[in-house]
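*Asks:* quick check, what structure comes out for this input:
(2 chains)
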There are 2 protein chains.
Amino acid sequence: MMATPVQQNIVATSEQYSTGFTKGHLALPPAKKYLVVTCMDARIDPAAAWGIELGDAHVIRNAGGSAVDALRSIIISQQLLGTREVVLVKHTGCGMLTFTNEDAHEVVRQNLGDGAAAELKQRNIDFLPFPHLENAVEEDVQFLKETKLVPEDVAISGWVYEVETGQTKRVV
Amino acid sequence: MMATPVQQNIVATSEQYSTGFTKGHLALPPAKKYLVVTCMDARIDPAAAWGIELGDAHVIRNAGGSAVDALRSIIISQQLLGTREVVLVKHTGCGMLTFTNEDAHEVVRQNLGDGAAAELKQRNIDFLPFPHLENAVEEDVQFLKETKLVPEDVAISGWVYEVETGQTKRVV
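*Replies:* Below is the predicted model of the structure:
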């Protein structure tokens, strides 16, 4: 198989990382029984920024750190793998603050054509952008508190990570 | 606000991490123009295992590292933030190998009640488990190659991470 520079980097890093790897005994369920929901943003390193040791916590990441989008994974984490706490972190400078759902649908149609636009509609995809950061954190925490699919005794907190400073501040 | 041990750890780590933080200048679009889709599993540290520097790549994580579940985020990454390559990594010992969709729905009903089961049905949630690891990698890569929502010139590779050894091996 041909390898791109990205793929070559994975092969090289894997060799280094696995040499002297000492964590092969960790159990499937997260040791500290919590899960993190955050954005896919390239400027976020959850393990380093929030002190997550290997084996501690599930880390769910998607565009915007959406709790709605993460619900399938959250249910599996809690009901099948025993986590009892949710940490939700959105961040400054998020791409989801910069467009509307209609903008994104139009970009797909222009870039990928009418067939792609039709598939987007058929799959009923909502891009879930948000116009205000702290409000979006509060709304996602509220969603998790209201859905019957998350038990009432789960601890839920909402935070903002500042990509400019590396700081994480609690919102709710 | 009361703080759980997990929340206290985030506050303490944030203070350390932001002290001397030197990456506040990074741009929103990933510098190396790729995205990673992988599992939320607690035993995976994508940055360390695959050599992802801060700012390099989007990292999307969900239960099982499902490309189908990640599609919304993948479209945003590619069409609005310019990524051109997908790295998909599933892993040994994945929880998604251990149950069926029907099992998970029954667990939700037993643990959370009929109201939760009804909400699950209303939201049309498929838990997306898979019975065979390598096949699931191949199927997800095939899905990304077939959907009109991913451009044909995007490089796509599929891998398995071994939680026992820390090694990552290419499948497709």
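*Asks:* so what's the most centrally placed residue in chain A bridging to?
*Replies:* Most central in chain A under CA atoms, centre = their mean is residue A:61, positioned 1.7 Å from the mean C-alpha point. Bridge pairing for residue A:61 (DSSP bridges) gives the partners residue A:38, residue B:61.
*Asks:* residues touching it, list them.
*Replies:* Residues near residue A:61 by CB atoms under 8 Å, 6 or more residues apart in numbering or on different chains: A:37-40, A:44, A:46, B:59-62. Glycine gets a C-beta too; all of them are placed from N, C-alpha and C.
*Asks:* again with residue A:18
*Replies:* Neighbouring residues of residue A:18 by CB under 8 Å, 6+ apart: B:162, B:165-167.
*Asks:* kindly report the same for residue A:43.
*Replies:* If you count contacts by CB under 8 Å, 6+ apart, residue A:43 has them with A:91, A:93, A:163, B:23, B:26, B:28, B:54-55.
*Asks:* quick one: it is in a strand?
*Replies:* No: using DSSP: H, G, I helix; E, B strand; the rest coil, the assignment for residue A:43 is coil, not a strand.
*Asks:* the nearest residue in space to it that is not next to it in sequence: how many residues sit nearby?
*Replies:* Excluding the flanking residues, the one nearest residue A:43 by CB to CB, 6 or more residues apart in numbering or on different chains is residue A:163, at 4.5 Å. As a burial measure, residue A:163 scores 23 neighbours (other CB atoms under 10 Å in any protein chain shown).
*Asks:* shouldn't residue A:163 be in contact with residue A:42?
*Replies:* No: counting by CB atoms under 8 Å, residue A:163 stays clear of residue A:42, with 9.6 Å between them.
*Asks:* now do the shared contacts for these two.
*Replies:* residue B:26.
*Asks:* mind putting the contacts of residue A:61 into a markdown table with pLDDT and distance to residue A:77?
*Replies:* Putting those into a markdown table (pLDDT from 0 to 100; distance: CB to CB, whole Å) gives the following:
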| residue | pLDDT | distance to residue A:77 |
| --- | --- | --- |
| A:37 | 99 | 10 |
| A:38 | 99 | 14 |
| A:39 | 98 | 18 |
| A:40 | 98 | 18 |
| A:44 | 98 | 19 |
| A:46 | 98 | 15 |
| B:59 | 99 | 17 |
| B:60 | 99 | 16 |
| B:61 | 99 | 11 |
| B:62 | 98 | 10 |
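*Asks:* ok, so of those, who is nearest residue A:150?
*Replies:* Using CB to CB, residue A:37 is the member of the contacts of residue A:61 that sits closest to residue A:150, with 11.5 Å.
*Asks:* isn't the closest one right up against residue A:85?
*Replies:* No: in this structure residue A:37 lies outside contact range of residue A:85 using CB under 8 Å: 11.4 Å.
*Asks:* show me which of these two is the more surrounded one.
*Replies:* residue A:37 (30 against 21).
*Asks:* let me see the contact set for the more buried one.
*Replies:* A:60-61, A:65-67, A:70, A:74, A:86-89, A:140.
*Asks:* of those, which is the nearest to residue A:154?
*Replies:* residue A:86 (6.0 Å).
*Asks:* ok so, going back, of the contacts of residue A:43, keep whichever come out buried.
*Replies:* Buried subset of the contacts of residue A:43 (neighbour count, 16 or more other CB atoms under 10 Å in any protein chain shown): A:91, A:93, A:163, B:26, B:28, B:54-55.
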